[in-house]
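# Build me a structure from this.
(one chain, ligands or ions: 1)
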Amino acid sequence: MTTRVPSERQMHWHAYPFYGFVHFGINTFTDREWGFGDEDPSLFNPTHLDCRQWARTARAVGMKRLILTAKHHDGFCLWPSRWTEHSVKHSPWKDGNGDVVREFVDACAAEGIEAGLYLSPWDRNHAAYGQSAYIEYYHRQMDELFGGDYGKLHEIWLDGANGGDGWYGGANERREIDRRHYYDFPRIIEKIRTLQPDAVIFSDAGPDIRWIGNESGTSEPVCWGTMDPSKIVIGDCDTEYLATGEEQGTHWIPPEVDVSIRPGWFWHPYEAPHSLQRLISIWFTSVGRGHGLNLNIPPDRRGLFAEEDVLQLQALRDAIAANFRVDLAQGAKIHDLDGEHLTRVVHLPPRTRVNCLHLEEDIADGQHVASFEVDVYVDGAWKSVAKGGTVGVRTIVPFDTTFAEALRVRVTRAIGPVALSRLSLYHAPNVPL
Ligand code: FUL
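Below you'll find the predicted structure:
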């Protein structure tokens with residue numbers, strides 16, 4: 001079987017492209033983004049931790065999944081791991097008897113959303129980091145988290161960062177690793193497959209989903225779900241390659257856009273959520289291009305999503321819903337023209353206002369459209385309104401509002417037979433500026 005088409009696991013992931021990241025941990029209390037690893041666990045003390053509020057918010061805004069940082073680079077564990085003292089068990093929260101991961105997975109289950117976990121390979125607390133003993137420690141932690149005690153997980157997030165310096169059990173030094181071999185990612189991936197066969201695995205190079213190559217929520221109009229993972233070293237990769245994928249790539253490894261609702265990944269008292277306009281733009285360059293949108297909402301020191309973040313998420317949900325209320329192509333007369341590639345024409349009532357086109361390819365056999373153009377028929381002539389790149393799972397193309405009596409999509413280059421499975425047309429009030 002060819003690997004240039006999505007697996008069942010990936011098809012499930014494609015069906016639910018909007019989900020949330022939850023960066024929470026010792027950094028929430030120290031006001032840092034990358035904790036050094038020497039933080040005192042007693043600093044971890046959320047006053048009103050309520051994972052149910054996270055999950056309820058996520059469900060209400062249409063997110064299908066949440067992914068929690070069980071351990072970030074500082075090494076502090078949000079569950080009482082047997083294998084380290086650097087965890088919630090030495091915090092005042094619930095007198096050291098609490099388990100955030102447990103509360104998190106229970107809350108997701110109660111709200112009917114999927115749970116995923118981030119377990120940072122880089123660990124600035126662990127004395128053996130850089131040696132093989134640390135890798136065994138990482139595997140023991142995977143056994144704890146993924147082995148079944150916390151139920152079924154749907155996404156495992158493998159981070160590639162490594163900044164070198166750290167506390168490392170008091171050594172307080174720089175530790176460079178061989179990024180190509182040290183973690184032995186193939187072994188880690190094999191273990192996750194065994195323990196959590198339904199989970200999609202994220203890393204720079206997949207195996208199921210890849211990084212888009214930036215953390216600002218942007219993407220390129222030409223982006224292939226296919227790539228060649230052997231060209232990527234996790235944590236040291238060509239971000240331009242990740243952004244476009246590769247037309248003739250050997251594997252289907254579609255991108256996830258990970259971005260925070262605020263400037264930082266962790267909560268900081270002086271930061272505020274992005275504007276609604278920016279969030280709308282992010283939605284269009286992620287979900288609107290067929291990618292996953294993993295939107296981070298950092299709980300505050302109470303252990304709650306901040307009110308202003310929740311309001312912004314609701315505003316985003318409403319803005320997007322308003323866009324796609326009426327499909328103007330529904331019930332319209334549509335015909336295809338023969339030619340080297342497909343041209344599809346949609347006939348509209350005179351003076352129909354349009355500004356947004358939604359296309360999808362049937363990806364069961366992979367994606368084939370490499371470029372297309374969009375024209376409208378108005379005042380007796382065809383007028384070009386947009387040029388597009390790949391279509392794939394989904395591409396939603398906003399353009400300047402115009403009257404149209406007809407609209408046509410001309411595929412201008414394709415790498416295989418084109419099967420457009422959806423063409424919808426909107427007059428959307430909330431498009432990127
Ligand atoms: C990066 C990390 O270094 C950031 O802190 C954050 O967790 C982001 C999602 O991934 O690699």
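
# Where does the chain get nearest to the ligand, residue-wise?
Relative to the ligand, the nearest point of the chain is residue 161 (3.5 Å; Cβ to the nearest ligand atom). Where C-beta positions appear, they are placed from N, C-alpha and C, glycine not excepted.

# is it fair to say that residue lies in a helix?
No. Using DSSP: H, G, I helix; E, B strand; the rest coil, the secondary structure at residue 161 is coil, not a helix.

# Model confidence score at the closest residue to it other than its chain neighbours, please.
Nearest residue to residue 161, sequence neighbours excluded (Cβ to Cβ, 6 or more residues apart in numbering): residue 122, at 5.7 Å. Confidence at residue 122, expressed as pLDDT, is 98.

# Report the separation between residue 122 and residue 207.
20 Å (Cβ to Cβ, to the nearest Å).

# what helix or strand is residue 294 on?
Element membership for residue 294, per DSSP states H and E: strand 292-296.

# what's the answer for residue 145, then?
helix 132-146.

# again with residue 234
Using DSSP H and E, no helix or strand contains residue 234.

# I'd say it and residue 161 touch.
No. In this structure, residue 234 is not within contact of residue 161 by Cβ atoms under 8 Å, at 10.1 Å.

# what residues are up against the residue nearest in space to the middle of the chain?
In the chain, the residue lying closest to the centroid (Cα atoms, centre = their mean) is residue 294, at 3.0 Å. Neighbouring residues of residue 294 by Cβ atoms under 8 Å, 6 or more residues apart in numbering: 19, 20, 21, 67, 256, 257, 258, 259.

# and which of these is nearest to residue 228?
Distance to residue 228, by Cβ to Cβ, is smallest for residue 256 among the contacts of residue 294, at 18.0 Å.

# Please settle this for me: is the closest one part of a strand?
Yes. Under three-state DSSP, residue 256 sits within a strand.

# Look up which residues are beta-bridged to it.
residue 211, residue 292 (DSSP bridges).

# Run a quick neighbour tally on it.
Neighbour count of residue 256, defined by other Cβ atoms under 10 Å: 22.

# Who are the contact partners of residue 350?
With contacts defined as Cβ under 8 Å, 6+ apart, residue 350 is in contact with residue 405.

# and it, which of the three is it?
strand.

# restrict the contacts of residue 294 to contacts with the ligand.
residue 258 (Cβ under 6 Å from any ligand atom).

# Residue 370: which of the contacts of residue 294 is nearest?
residue 257 (21.2 Å).

# per-residue confidence for residue 338?
Looking at residue 338, its pLDDT reads 83.

# hang on, the earlier thing: state the distance from the residue of the chain closest to the ligand to residue 362.
As defined by Cβ to Cβ, residue 161 lies at a distance of 37 Å from residue 362.

# How about residue 271: what's its closest non-neighbour residue?
Using Cβ to Cβ, 6+ apart and skipping the chain neighbours, the partner closest in space to residue 271 is residue 262 (4.6 Å).

# Also residue 404?
residue 376 (3.8 Å).

# now residue 146
Closest to residue 146 by Cβ to Cβ, 6+ apart is residue 195, at 4.1 Å.

# which parts of stretch 353-373 are buried?
The neighbour-count check on stretch 353-373 (16 or more other Cβ atoms under 10 Å) flags 354-361, 363, 366-372 as buried.

# Okay, now it: how far is its last residue from its first?
19 Å (Cα to Cα, to the nearest Å).

# Then stretch 60-75?
End-to-end distance for stretch 60-75: 32 Å, by Cα to Cα.

# Now do the helices in the protein.
Along the chain, counting by DSSP state H, helices occupy 8-15, 27-30, 51-60, 100-111, 132-146, 185-195, 239-244, 276-285, 307-323.

# Distance to the ligand and mean neighbour count for the ones you listed - can I get that in CSV?
Shown next, in CSV, are the helices of the chain (distance: least, Cβ to the nearest ligand atom, whole Å; neighbours: other Cβ atoms under 10 Å):
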stretch, distance to the ligand, mean neighbour count
helix 8-15, 18, 16
helix 27-30, 9, 22
helix 51-60, 17, 20
helix 100-111, 16, 21
helix 132-146, 16, 17
helix 185-195, 15, 15
helix 239-244, 12, 16
helix 276-285, 15, 20
helix 307-323, 17, 17
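
# Output stretch 159-173 in PDB with nothing but the alpha carbons.
Below are the C-alpha coordinates for stretch 159-173, written out as PDB (Å, rounded to 0.1, in the frame of the first residue of the first chain):
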ATOM      1  CA  ASP A 159       8.700  18.600  20.600                       C
ATOM      2  CA  GLY A 160      12.100  19.200  18.800                       C
ATOM      3  CA  ALA A 161      13.400  22.100  20.900                       C
ATOM      4  CA  ASN A 162      16.800  22.000  22.600                       C
ATOM      5  CA  GLY A 163      18.500  25.100  23.800                       C
ATOM      6  CA  GLY A 164      21.500  23.500  25.300                       C
ATOM      7  CA  ASP A 165      21.900  24.900  28.800                       C
ATOM      8  CA  GLY A 166      20.000  23.800  31.900                       C
ATOM      9  CA  TRP A 167      20.200  22.900  35.500                       C
ATOM     10  CA  TYR A 168      20.700  19.100  34.900                       C
ATOM     11  CA  GLY A 169      20.600  17.900  38.500                       C
ATOM     12  CA  GLY A 170      22.800  20.800  39.600                       C
ATOM     13  CA  ALA A 171      25.500  20.500  36.900                       C
ATOM     14  CA  ASN A 172      24.300  23.800  35.500                       C
ATOM     15  CA  GLU A 173      25.900  23.600  32.100                       C
END
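
# Contacts for it, please.
34, 36-38, 73, 118, 120-130, 174-177, 179, 203-204, 211, 234-237.

# can you rerun that using 7 Å?
34, 36-38, 73, 118, 120-122, 124-127, 129, 174-177, 203-204, 234-235 (Cβ atoms under 7 Å, 6 or more residues apart in numbering).

# picking that back up, mind checking which of residue 234 and residue 161 has more residues around it?
residue 234 (20 against 11).
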